[in-house]
Every structure is written in structure tokens, then in C-alpha cells.
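> Curious how this folds, go ahead:
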Amino acid sequence: MTISVLLIALAAGILASVIGGMIGGMIVGGKHIGYGIASWMGGFYGPIAGIMGTIIGLAVIYFI
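I've put the predicted structure just below:
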């Protein structure tokens, strides 16, 4: 696995975590605080765990 493939996979993981956070925020808090702010907050806080999970997963795959 080359460095360029790892960087592309990292970018894809970050993008997926942002989109997943936005969708999750809309599902969980959309009715209470509004869909726009819930989507914004989910997109902001979603990648906090998603980026670390992606980095750890790519590190495991790289060293196997």
C-alpha cells in the first residue's frame, strides 16, 4: 500500500465521517433544535471519532 493510496483512503474516511455526522445529527436532534443546526453540529463533531478510527484502521492495514 503506497502513501498516495493511504492519503486517498484517509480523505475518503474524513468525508464519510462528516457526512455520517451530519445525517446522524439530523436524525437525533433535528426535531428539537432544527435540522440545519443539528446537521451543522453533527458535521462538526462527527469526525472527532471518525478521523481517529480511520487513522487507526489504516495503520493496522499498513502494518499487516
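> Could you pick out the longest helix of the chain?
helix 3-33 (DSSP state H).
> chain center to stretch 7-15, what's the gap?
Distance, stretch centre to chain centre, for stretch 7-15: 9 Å (C-alpha atoms, centre = their mean, to the nearest Å).
> who's in contact with Ser39?
Neighbouring residues of Ser39 by C-beta atoms under 8 Å, 6 or more residues apart in numbering: 22-23, 25-26, 30. For glycine as for every other residue, the C-beta is placed from the backbone atoms N, C-alpha and C.
> min pLDDT across those residues, which one?
Ranked by pLDDT, the contacts of Ser39 bottom out at Gly30, which scores 88.
> How about the spatially most central residue of the chain, nearest residue that isn't a chain neighbour?
By C-alpha atoms, centre = their mean, the chain has its centre lying nearest to Ser17, at 1.4 Å. Using C-beta to C-beta, 6 or more residues apart in numbering and skipping residues adjacent in sequence, the residue nearest Ser17 is Gly50, 2.5 Å away.
> pLDDT score assigned to the one you found?
88.
> element containing it?
For Gly50, the host element (DSSP states H and E) is helix 35-63.
> which helices and strands sit right next to the longest helix of the chain?
helix 35-63 (3 or more C-beta pairs under 8 Å, 6 or more residues apart in numbering; DSSP states H and E).
> buried stuff in the helix it packs on?
The neighbour-count check on helix 35-63 (16 or more other C-beta atoms under 10 Å) flags 38-39, 41-43, 46-47, 50, 54, 58 as buried.
> list the contacts for the nearest residue to Gly13 once chain neighbours are set aside?
Spatial nearest neighbour of Gly13, chain neighbours left out: Thr54 (3.2 Å); criterion: C-beta to C-beta, 6+ apart. Neighbouring residues of Thr54 by C-beta under 8 Å, 6+ apart: 9-10, 13-14, 17.
> Many thanks, we can stop here.
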